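**Student:** I'd like to go over a predicted model; first the sequence, then the structure.
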Amino acid sequence: MKKKLALSIGIVLFLLFAIVAYHRFQVQTKGIFFTVFPIFAWVSVDQPVLFNHVRHTEGLNLNCNFCHRYAERYRSAGLPNIELCKACHATDAMSKKPEALKVVRYAQSGEEIPWKKMYDLPTFVVFPHWIHVQSDVDCSVCHGLTSKKERPVKMVDRNYMDWCMECHKKRGASNDCYACHSS
């Protein structure tokens, strides 16, 4: 009986400690969790075309700004339009794989690919991509494994305010409220 009571008290104290640690040290706690269980750091996103970032970034040596053309000058990085895809996928001459042939069909019909937006911040948050690009912040800092996976992935381990503030602190960037919460 005493062992069960001691075990119960130990479990309650551990859970209490975990709750306090999570709320007091959220960034560090999440960091430890995602380090121990990295499989939970990202989720696969179903897109109309299973876009292979590895093939484009490493195989063809394209950088992120080639397709996400607005990242250098605007808040939004933007999604590639069908005219950009047509440059390589106008015919099936270069496109032999099933997913690439889907792009050819979109290109030949002139129809835009209905990409699903992977990162959606609350309306009160402003994320100017251009400032991050000009400050030489590599895309992988926020987008993690996206360019290293054959499937589109969304990083869930870094899309929250405390993570951004910690990154700003490390890089000496402003943590003023209006840096990210202004129009």
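**Tutor:** Happy to help now that I have it. Numbering: from 1, shown residues only.
**Student:** which secondary element of the protein has the worst mean pLDDT?
**Tutor:** helix 26-36 (a mean of 72; mean pLDDT, DSSP states H and E).
**Student:** pull the CA atoms of it into CSV?
**Tutor:** Taking C-alpha atoms only, helix 26-36 is exported to CSV below (Å, rounded to 0.1, in the frame of the first residue of the first chain):
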residue,chain,number,x,y,z
GLN,A,26,7.7,26.6,-22.9
VAL,A,27,10.3,27.1,-25.6
GLN,A,28,12.8,24.9,-23.8
THR,A,29,10.2,22.2,-22.9
LYS,A,30,9.0,22.0,-26.5
GLY,A,31,12.6,22.0,-27.7
ILE,A,32,13.4,19.0,-25.5
PHE,A,33,10.2,17.2,-26.6
PHE,A,34,10.9,17.7,-30.3
THR,A,35,14.6,16.7,-29.8
VAL,A,36,13.5,13.5,-28.0
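**Student:** show me how this structure divides into domains.
**Tutor:** Domain ranges of the chain: 1-36, 41-80+115-170, per automatic domain parsing.
**Student:** rewinding a little: which residues does the least confident helix or strand of the chain contact?
**Tutor:** Helix 26-36 is contacted from outside by 18, 21, 22, 40, 41, 157, 160, 162, 163, 166, using CB atoms under 8 Å, 6 or more residues apart in numbering. In short, each C-beta sits where N, CA and C put it, glycine included.
**Student:** tell me the contacts of the residue most central in space within the chain?
**Tutor:** The C-alpha lying nearest the average C-alpha coordinate of the chain belongs to residue 143 (CA atoms, centre = their mean; 3.3 Å). Residues in contact with residue 143 (CB under 8 Å, 6+ apart) are 119, 155.
**Student:** can you confirm it is in a helix?
**Tutor:** Yes. Checked against DSSP: H, G, I helix; E, B strand; the rest coil, residue 143 lies within a helix.
**Student:** quick one, grab the pLDDT at it.
**Tutor:** pLDDT for residue 143: 87.
**Student:** now do it against residue 71, distance only.
**Tutor:** 11 Å (CB to CB, to the nearest Å).
**Student:** now do the helices in this protein.
**Tutor:** Along the chain, counting by DSSP state H, helices occupy 2-24, 26-36, 53-54, 64-67, 82-89, 98-109, 129-134, 139-143, 161-171, 177-180.
**Student:** distance to residue 119 for these - can I get that in JSON lines?
**Tutor:** Converted to JSON lines, the helices of the chain look like this (distance: least, CB to CB, whole Å):
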{"stretch": "helix 2-24", "distance to residue 119": "24"}
{"stretch": "helix 26-36", "distance to residue 119": "17"}
{"stretch": "helix 53-54", "distance to residue 119": "14"}
{"stretch": "helix 64-67", "distance to residue 119": "13"}
{"stretch": "helix 82-89", "distance to residue 119": "20"}
{"stretch": "helix 98-109", "distance to residue 119": "22"}
{"stretch": "helix 129-134", "distance to residue 119": "11"}
{"stretch": "helix 139-143", "distance to residue 119": "8"}
{"stretch": "helix 161-171", "distance to residue 119": "12"}
{"stretch": "helix 177-180", "distance to residue 119": "14"}
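**Student:** having no further points to raise, I will conclude here.
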